[in-house]
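Asker: 3D model of this:
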Amino acid sequence: MKSLPLSAQKSDQFRRYALGLIGCVLLPPLLLAAFVAAVDPYYLFGSPSWHGFNAVKPKYESHVLVVKPYQLRRIRPDAVSLGSSRVEVGIDPRHPGWTKGTIFNFALPSSNSMDLMLAFSHAQALGRPLKQAVVGLDFFAFNVLAAKNQGLDARVASNVVEEFANFLAAELENRGYVKASPPSKNEQLARSAWHESLYLAANPDVAKAIARNEFKSGREHYELVGRAQHRLGGTIPADWDEAGYMEAYPDVAYFTALTEFQSGYHHYLLAGRWEGRIGGFQPPDWNERDYLAANPAARIRILIGDYHSGYVHFGAEGRQLGLLGGFPATNLFDQLRLHWPVMYKATLQFAQFWRLIFSISAAADSFNTVFNQSEPATFDAKGMRIWQGHETDLRRLGGTGNVIRSSFMGGGWGPDLTSPTFKYCFTNPRTGFTAFDPYRFMLRQAYAEGTDLRLYTTPSISSLREIFVGLGLGTRYDFWLKELVKINEEEAARANRPPLQLWDFSDVNTITRETIPETGDLTPMHWYWEQSHYRKETGDLILDRIFGHNDPARPVPADFGVRLTSANIDAHITRTNENLAELKIVDPDIPKFFDVASKPHPNNHQPEAACW
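Answerer: As a prediction, the model looks like this:
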C-alpha cells in the first residue's frame, strides 16, 4: 500500500491539528451551554425537571425581575396575574376560576404602575391578545417618588415601549408640559464666581499648605501656582450639568446629601473623571435627537422626570445597555442596526438574553442548582412564589404579631413611604407625569383588544389604613380609589364598552380586620403572612369573588370584596372610614399605631411634600 506524499501527510496533520484546536476552543463553552440549558436554573428553556437534579431552582428568586419577561416569551400564556410580590405570593395560577389555557403568575416584586403597565403590555403583545388578566393594585405603586425597577423596559416586547412613549408625549403636551430650560444668567454667573471651599476640597494639599501659612487662601494659591498647574475647582464650568450628573449617579447624590461631597462636580473632580463617569459634560458630537428617536425608553424616562436629557440617560443606563444613536456609528454593523430599528431592538434584547444565560454567573447558578436540591423551593414553574419555611422565619423573629408591631411602632411604613424621600406623590410637578398615566394606558389597551381584565385593590390589614391617616396619606388613599374608578369608566366610555371589573378588598371586612397576635404569641395569622403580604388562602377568596367561583369548602365572606363604580365609590369610602373609626375603639393596637404615625418621625417627610 502506497504511503501518502510528504506534502499530503503534512496537510492532513495540519487539518487534524486545526480541527483539534477548534474542538478544544469550542467544545468546553458548548458543553457548558448545554449544561446550563439542561439544568435550566431560571425556567427559561422549559427543560424537564428531575428530582434531585434540577426540580428546585434556588437561584431563580435572585433573578426573577430579569428572567420572568423572558420566561413569558417561552410560555406565551393565555392569562396572567400581575402586580407586586403580594400577587406573587397570594394569587394561584391553578385556581379553577381562570379561563382555559396556560396561566402564569407574572407579578414582579415592588412593581410600580409603570412596571405593571409594561408587564401587561408585554404579556398582551405575546398573547396577541391575552384572554384574561388579573391585576392587583397597590397604593404604593402609584407613588412617583418611589424607587423604580430599572431595566424592565429593555426586556419587554419591542413595540410596547414606543407605543407608551408616544401616548405619554401626547398626554403631557395636552397638559402644557414644557421641557426644562437651560441655566439662567444668574445661575451662569454663580458658576463663574470663585468657589473657595470647593477649590480647597478638590485640592486638599492646598488646604494643608494654607495651614502651614504658605498661602493666605486658595484663591492666592490659584493665582500664584494653581493656574499654571491647571488646577480645577475654583470655578464651575459653564457647561457643567450638576443636575444631570446627580440624576445619572444616585450614589453621588446620596453621599452628597451626607455632606461627603460638596456637590456632584466636587465628586467628579475627586473620583468621577477617573472612574469614567459621564453625564456632567455633554460632548460636542452628541446627537440628542437621534438618541431619543432610536430609544423610546429614554424618551419615557425624560417625560417621567427621571432624567432631563437623553445624554444623562445614556450615562446612567444607555452606555451599559449598548444603546446607539447618540454618537456617530463607528462600524457598518451599528450603521445597519440604526437604519433598521427592528434589527436594532432585536440585537439589544438578544445581547441581554445572551449575557443572562451564557455567562459565568449562569454557569455558577447551574452548579448551585444541582448541588442545592435540598433547599426549599422559592418559586414554582408557573411564577408563583412559594414561602416554604417562612413561618419558621417568623417564629424566629418572635412571631407575626411581634414583626407587625415592631415595624409599625418603629416607623416601618414601607413600601408606601420609602427612602430616600419618605414622601408620597401621584404627580411629578416638573414634567406633569402622573402615576395614573400608565394605568390609563393599560386600560386603553385592554379595552381596545377586548381582554378580560379584572382589577382589585390589595386587602391590607385594617390597621394599615388607619396608619395612612396618621401619616397624612388618608385623603390620598381615598383619592386613589376614586381616580381608579374614574379612569376606568372614562376609558370604557371612550371604547364604547362596559367598565372593567374593579374590586376593592382594602376596606374594613372580615378578612382585613383579622386580629394581630399578641407579642410573644407564635401562632401564625390565618389570612396574612405579615403586614404586607396576604396568604394564598386570601388570594383564593379574591379569585373566588372576582371570577364568581363558588367553592363550598371555602365560602367567601359576604363583606369581602366590593365592586367599585362611580355610583357607589363615595358611599363606600364614607362607610370604610366610619368602620375604621369604630374599629379604632375596640382594637387597642390601632390607636398606638396611629399615635406613632401622626407624630414627627425621620421616616415620614410627607408634611414636606410639595406635590400631589
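Asker: For the stretch 351-500 of the chain, just list every one of the strands.
Answerer: Per DSSP state E, counting those that start in this stretch, the stretch 351-500 of the chain carries strands over the ranges 452-457.
Asker: and if you look at the chain?
Answerer: Under the criterion DSSP state E, the chain contains strands at 79-82, 103-105, 132-137, 452-457, 501-504, 562-563.
Asker: May I see these organised as TSV, with mean pLDDT added?
Answerer: Output for these, formatted as TSV (pLDDT from 0 to 100):
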stretch	mean pLDDT
strand 79-82	97
strand 103-105	97
strand 132-137	98
strand 452-457	97
strand 501-504	98
strand 562-563	98
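Asker: any chance of those strands in JSON lines, plus distance to residue 519 and mean neighbour count?
Answerer: Placement of C-beta: from N, CA and C, glycine included. Converted to JSON lines, the strands of the chain look like this (distance: least, C-beta to C-beta, whole Å; neighbours: other C-beta atoms under 10 Å):
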{"stretch": "strand 79-82", "distance to residue 519": "34", "mean neighbour count": "27"}
{"stretch": "strand 103-105", "distance to residue 519": "33", "mean neighbour count": "24"}
{"stretch": "strand 132-137", "distance to residue 519": "30", "mean neighbour count": "25"}
{"stretch": "strand 452-457", "distance to residue 519": "29", "mean neighbour count": "22"}
{"stretch": "strand 501-504", "distance to residue 519": "31", "mean neighbour count": "22"}
{"stretch": "strand 562-563", "distance to residue 519": "33", "mean neighbour count": "17"}
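Asker: right, and those strands - which one's nearest residue 31?
Answerer: Of all those, strand 103-105 sits nearest to residue 31, with 31.2 Å by C-beta to C-beta.
Asker: Partner strands of the closest one and their direction?
Answerer: Taking DSSP bridges as the criterion, strand 103-105 forms sheet pairs with strand 79-82 (parallel).
Asker: Show residues contacting the strand it pairs with.
Answerer: 72, 87, 91, 93, 98-99, 101-107, 111, 116, 119-120, 123, 130-136 (C-beta atoms under 8 Å, 6 or more residues apart in numbering).
Asker: out of the strands of the chain, which comes closest to residue 46?
Answerer: strand 103-105 (12.4 Å).
Asker: so how far is the closest one off the chain centroid?
Answerer: Chain-centre distance of strand 103-105: 20 Å, with C-alpha atoms, centre = their mean, to the nearest Å.
Asker: Stretch 292-304 now?
Answerer: Centroid separation between stretch 292-304 and its chain, computed with C-alpha atoms, centre = their mean, is 17 Å.
Asker: can you list contacts of that stretch?
Answerer: Contacts for stretch 292-304 (C-beta under 8 Å, 6+ apart): 114, 144, 153-154, 161-162, 164-166, 168-169, 172, 177, 291, 307-310, 313-314, 317-318, 323-325, 338, 341, 344, 428, 431, 433.
Asker: remind me which residues of the stretch 501-612 of the chain are low pLDDT?
Answerer: Applying pLDDT under 70 to the stretch 501-612 of the chain picks out no residues at all.
Asker: Same check on the stretch 101-250 of the chain?
Answerer: The model of the stretch 101-250 of the chain has pLDDT under 70 over residues 149-150, 177-191.
Asker: hang on, the earlier thing: can you redo the strands of the chain as TSV with distance to residue 445?
Answerer: What follows is the strands of the chain, written out as TSV (distance: least, C-beta to C-beta, whole Å):
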stretch	distance to residue 445
strand 79-82	13
strand 103-105	18
strand 132-137	10
strand 452-457	9
strand 501-504	16
strand 562-563	22
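Asker: Give me the neighbour count for residue 513.
Answerer: For residue 513, the neighbour count with other C-beta atoms under 10 Å is 19.
Asker: An error on my part: the question was meant for residue 506.
Answerer: 24.
Asker: is the nearest residue to it once chain neighbours are set aside in a bridge, and if so with what?
Answerer: Distances taken as C-beta to C-beta, 6 or more residues apart in numbering put residue 457 closest to residue 506, at 4.7 Å, once the chain neighbours are dropped. In this entry, residue 457 is beta-bridged to residue 137, residue 504, by DSSP bridges.
Asker: Tell me the buried residues within the contacts of stretch 292-304.
Answerer: Burial of the contacts of stretch 292-304 was assessed by neighbour count (16 or more other C-beta atoms under 10 Å); the buried members are 114, 144, 153-154, 161-162, 164-165, 168-169, 172, 291, 307-310, 313-314, 317-318, 323-325, 338, 344, 428, 431, 433.
Asker: If we ignore the residues flanking it in sequence, what's nearest residue 539?
Answerer: Closest to residue 539 by C-beta to C-beta, 6+ apart is residue 90, at 3.3 Å.
Asker: do you know which of the strands of the chain lies nearest residue 419?
Answerer: Taking C-beta to C-beta as the criterion, strand 132-137 is the member of the strands of the chain that comes nearest to residue 419, at 23.2 Å.
Asker: how much does that closest one deviate in direction from strand 452-457?
Answerer: Strand 132-137 runs at 20 degrees relative to strand 452-457, counting by axes from the mean of the first three to the mean of the last three C-alpha atoms, to 10 degrees.
Asker: all helices for the stretch 501-612 of the chain, in order.
Answerer: For the stretch 501-612 of the chain, the helices defined by DSSP state H, counting those that start in this stretch occupy 536-547, 569-586, 589-598.
Asker: my bad, the stretch 201-350 of the chain
Answerer: 204-211, 218-221, 242-248, 250-257, 264-267, 273-275, 288-294, 296-304, 310-313, 319-321, 332-339, 341-357.
Asker: Now do the longest one against helix 332-339: the angle between them, please.
Answerer: So that's helix 341-357. Using the same axes, to 10 degrees: helix 341-357 against helix 332-339 is 120 degrees.
Asker: Residue 463 contacts residue 592, doesn't it?
Answerer: No: at 9.3 Å, residue 463 and residue 592 do not qualify as touching, with contact defined as C-beta atoms under 8 Å.
Asker: neighbour count winner among the two?
Answerer: Legend: neighbour count by other C-beta under 10 Å for residue 463 and residue 592, higher for residue 463 (24 against 14).
Asker: In contact with that one: list those residues for me.
Answerer: Residue 463 is in contact with 408, 516, 587, 589, 590, 593, counting by C-beta under 8 Å, 6+ apart.
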